[in-house]
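Engineer: I would like to see how this sequence folds:
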Amino acid sequence: MLGALILVPAVSALVVALVGRARPEWTRLVAVVSSVATLAVAVRMLAEFDPGSAAFQFVEHRAWIAQWGISWHLGVDGISLFLVVLTALLFPLVIVGVDPHHDERRYLAWMLLLEAGVMGSFLSLDLFLFFVMFEIVLVPMYFLIGGWGYGERIYAATKFFIFTMAGSALMLVGIVATVVLARDEVGAVTFSLPELQRAAEFSVAEGRWLFASFALAFAVKVPLVPLHTWLPDAHTQAPTGGSVILAGVLLKMGTYGLLRFAIGLFPEAARWASPLFFTLAVVGIVYGAIAATMQRDLKRLVAYSSVAHLGFIVLGTFALTTQAVSGAVIQMVNHGVSTGALFLLVGMISDRRHTREIDALRGLQHVAPVFAGTFTVVMLSSIGVPGLNGFVGEFLVLIGSFGPARWWTVVATTGVVLAALYLLWAYQRVFHGEPDEANRGFAEMTWREGALMSVFVAIIVATGVYPAPMLDRMRPSVDALIARVAGG
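Structural biologist: Numbering: from 1, shown residues only. I've put the predicted structure just below:
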């Protein structure tokens with residue numbers, strides 16, 4: 001089942017790239033069928049998942065490079081479950097709902113390869129396999145930004161690639177060093193994450209250096225301040241579909257990696273480094289909110305809001321309590337839904353008005369009330385209004401972090417207030433007032449766009465009102481991780 005989540009989009013990408021040249025009319029059909037089939041597998045996996053177990057489920061384990069201890073090792077637990085489902089959901093929505101405007105065949109091929117890489121990153125239980133999947137993701141996103149982006153797309157794509165590749169190179173060094181140093185305790189050379197967690201023991205100095213190599217790579221991917229400078233450029237210049245996927249799931253590869261690999265393999269080092277990550281998280285929350293407030297480009301505003309929201313996730317991750325880590329995991333999913341929806345709406349505005357400048361937009365709610373209402377719900381979810389999904393994650397992070405990181409949490413709470421400031425102020429300038437001549441012709445949301453956004457709104461409301469099904473499935477794995485850190 002898990003192999004299908006990777007192989008179906010990967011093979012479909014090849015089919016679209018090769019067959020689509022001779023049969024261009026099949027291109028979109030193959031992409032849609034592939035992404036929907038992947039979603040169907042993910043839904044089946046969710047339905048069959050045992051919520052009471054902390055173990056990895058649906059495990060696939062086959063030798064790949066046996067003499068080096070490298071294997072095709074896949075598994076899913078409560079921490080990765082909903083990230084996989086989110087990935088499977090976002091890609092068909094983007095493929096169906098976003099027009100690439102040109103060269104559809106290559107665009108869809110890169111999009112499907114990107115889905116395969118993201119799925120592999122969330123499912124891999126072999127460090128080498130994870131690194132391969134982590135690297136595969138860079139290539140399609142580079143070409144999506146560079147080939148279908150805006151203005152300075154080549155600069156943004158290159159900056160994205162250099163930053164993330166540099167972090168990945170450091171992680172590769174850490175992976176190899178981890179395997180070599182653990183060889184005697186494990187009894188063989190192995191890249192298996194469960195085996196390394198079970199048997200590997202590192203000295204304090206070794207664990208901290210190895211933790212640093214992993215954590216720095218994931219900090220670039222999150223990204224944490226001051227390693228964040230590639231993100232606003234990538235988001236601003238990326239095509240709408242690329243921004244949705246980048247915010248929805250690619251950034252979560254960094255937060256997931258911190259939790260699964262950096263903390264999971266080096267618990268003592270994670271406890272030792274937690275004050276540093278508390279500080280970086282809080283700086284990101286406050287800085288991202290202030291920077292978002294000052295933006296004139298609506299898309300760049302949403303990009304900086306991601307820096308702030310991801311700071312909450314990192315704060316909860318390193319608080320290492322059940323409430324905080326559960327809040328961080330559910331906030332990974334919630335941020336992907338809310339911010340992905342915001343980027344879709346900003347893309348619709350850009351397609352209609354051919355500008356994203358806030359000062360050029362005014363009074364849109366008078367000519368497109370349904371569009372404005374949808375934007376309101378998504379915006380309020382991003383602010384963290386009770387009853388919507390954003391509140392659940394942020395509340396759990398703050399209440400769970402208050403004990404181990406009291407003063408950091410107090411400062412982080414100001415980020416909630418600042419989020420209301422920059423989003424409500426932007427909404428006021430874009431949607432309130434009387435529309436001028438240029439905005440009077442702004443088109444109302446179409447049925448197709450409404451159907452697309454209704455999926456996001458339904459998830460936002462359902463998760464905000466009743467998050468228990470998600471939390472119940474996460475809790476056993478979260479508790480097992482916290483127990484490991486406490487005893488590590």
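Engineer: what confidence value was assigned to the residue lying farthest from the centre of the chain?
Structural biologist: Within the chain, the residue lying farthest from the chain centre (C-alpha atoms, centre = their mean) is residue 437, at 38.6 Å. For residue 437, the model assigns a pLDDT of 84.
Engineer: so what's residue 160 up against?
Structural biologist: If a contact means C-beta atoms under 8 Å, 6 or more residues apart in numbering, then residue 160 has 138, 141, 142, 145, 230, 233, 234 as its contacts. (Each C-beta comes from the backbone N, C-alpha and C, glycine too.)
Engineer: could you measure from it over to residue 257?
Structural biologist: 17 Å (C-beta to C-beta, to the nearest Å).
Engineer: one more: residue 428?
Structural biologist: Distance, residue 428 to residue 257, by C-beta to C-beta: 38 Å.
Engineer: higher neighbour count, those two?
Structural biologist: For residue 428 versus residue 257, neighbours defined as other C-beta atoms under 10 Å are more numerous around residue 257 (25 against 12).
Engineer: could you point out the helix or strand that follows the longest helix along the chain?
Structural biologist: Secondary structure of the chain per DSSP state H: the longest helix is helix 153-186. Of the helices and strands lying after helix 153-186 in sequence (DSSP states H and E), the nearest is helix 193-199.
Engineer: could you list every helix and strand in contact with that following helix?
Structural biologist: helix 127-136, helix 153-186, helix 264-265 (3 or more C-beta pairs under 8 Å, 6 or more residues apart in numbering; DSSP states H and E).
Engineer: which of those sits most buried?
Structural biologist: helix 264-265 (a mean of 24; mean count of other C-beta atoms under 10 Å).
Engineer: pull the longest strand from this protein.
Structural biologist: If you go by DSSP state E, the chain has its longest strand at strand 57-65.
Engineer: where in the chain is pLDDT low?
Structural biologist: Residues of the chain meeting the criterion pLDDT under 70: 20, 22, 488.
Engineer: and the strands in it, which stretches?
Structural biologist: So, for the chain - with DSSP E - the strands run 57-65, 70-76.
Engineer: how about those in JSON lines, adding mean neighbour count and distance to residue 449?
Structural biologist: JSON lines is the format used below for the strands of the chain (neighbours: other C-beta atoms under 10 Å; distance: least, C-beta to C-beta, whole Å):
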{"stretch": "strand 57-65", "mean neighbour count": "14", "distance to residue 449": "35"}
{"stretch": "strand 70-76", "mean neighbour count": "22", "distance to residue 449": "32"}
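Engineer: distance to residue 246 added to these, as CSV?
Structural biologist: As requested, the strands of the chain are exported to CSV (distance: least, C-beta to C-beta, whole Å):
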stretch, distance to residue 246
strand 57-65, 27
strand 70-76, 23
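Engineer: who's in contact with the closest residue in space to residue 130 that isn't next to it in sequence?
Structural biologist: Of all residues not flanking residue 130 in the chain, residue 124 sits nearest, at 3.8 Å (C-beta to C-beta, 6 or more residues apart in numbering). The contact partners of residue 124, by C-beta under 8 Å, 6+ apart, come to 73, 74, 130, 133.
Engineer: tell me the one of those residues nearest residue 226?
Structural biologist: Taking C-beta to C-beta as the measure, residue 130 is the one of the contacts of residue 124 closest to residue 226, at 25.8 Å.
Engineer: run a quick check on the closest one versus residue 118, I expect a contact.
Structural biologist: No: counting by C-beta atoms under 8 Å, residue 118 is not a contact partner of residue 130; they are 11.9 Å apart.
Engineer: which parts of stretch 274-285 are buried?
Structural biologist: Buried residues in stretch 274-285, counted by 16 or more other C-beta atoms under 10 Å: 274, 277, 278, 280, 281, 282, 283, 284, 285.
Engineer: list the contacts of the last one.
Structural biologist: If a contact means C-beta under 8 Å, 6+ apart, then residue 285 has 308, 311, 312, 315, 411, 412, 414, 415 as its contacts.
Engineer: need the residues you listed in CSV (columns: neighbour count).
Structural biologist: Shown next, in CSV, are those (neighbours: other C-beta atoms under 10 Å):
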residue, neighbour count
308, 26
311, 27
312, 30
315, 33
411, 17
412, 27
414, 13
415, 26
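Engineer: can you add distance to residue 62 and give those back as a markdown table?
Structural biologist: Formatted as a markdown table, the contacts of residue 285 follow (distance: C-beta to C-beta, whole Å):
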| residue | distance to residue 62 |
| --- | --- |
| 308 | 42 |
| 311 | 39 |
| 312 | 38 |
| 315 | 38 |
| 411 | 48 |
| 412 | 44 |
| 414 | 50 |
| 415 | 45 |
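Engineer: buried stuff in stretch 386-393?
Structural biologist: By 16+ other C-beta under 10 Å, the buried positions in stretch 386-393 come out as 388, 389, 390, 391, 392, 393.
Engineer: ok now that stretch, how far from the chain's centre?
Structural biologist: Here stretch 386-393 is found 18 Å from its chain centre; the criterion is C-alpha atoms, centre = their mean, to the nearest Å.
Engineer: as PDB, could you dump the C-alpha coordinates of it?
Structural biologist: Presented in PDB, the C-alpha positions along stretch 386-393 are these (Å, rounded to 0.1, in the frame of the first residue of the first chain):
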ATOM      1  CA  PRO A 386     -11.800  29.300  18.000                       C
ATOM      2  CA  GLY A 387     -14.000  26.900  16.100                       C
ATOM      3  CA  LEU A 388     -11.600  26.700  13.100                       C
ATOM      4  CA  ASN A 389      -8.500  24.500  12.600                       C
ATOM      5  CA  GLY A 390      -5.800  27.000  13.300                       C
ATOM      6  CA  PHE A 391      -6.900  27.500  16.900                       C
ATOM      7  CA  VAL A 392      -6.500  23.800  17.800                       C
ATOM      8  CA  GLY A 393      -2.800  23.500  17.000                       C
END
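Engineer: give me the contact list for that stretch.
Structural biologist: Under the contact criterion C-beta under 8 Å, 6+ apart, stretch 386-393 has outside partners 312-313, 316, 327-328, 330-331, 334-335, 337-338, 377, 380-385, 459-461, 463-465, 467.
Engineer: check the buried residues of stretch 386-393 and tell me the two furthest apart.
Structural biologist: Maximum pairwise distance in these, criterion C-beta to C-beta, is 10.7 Å, between 388 and 393.
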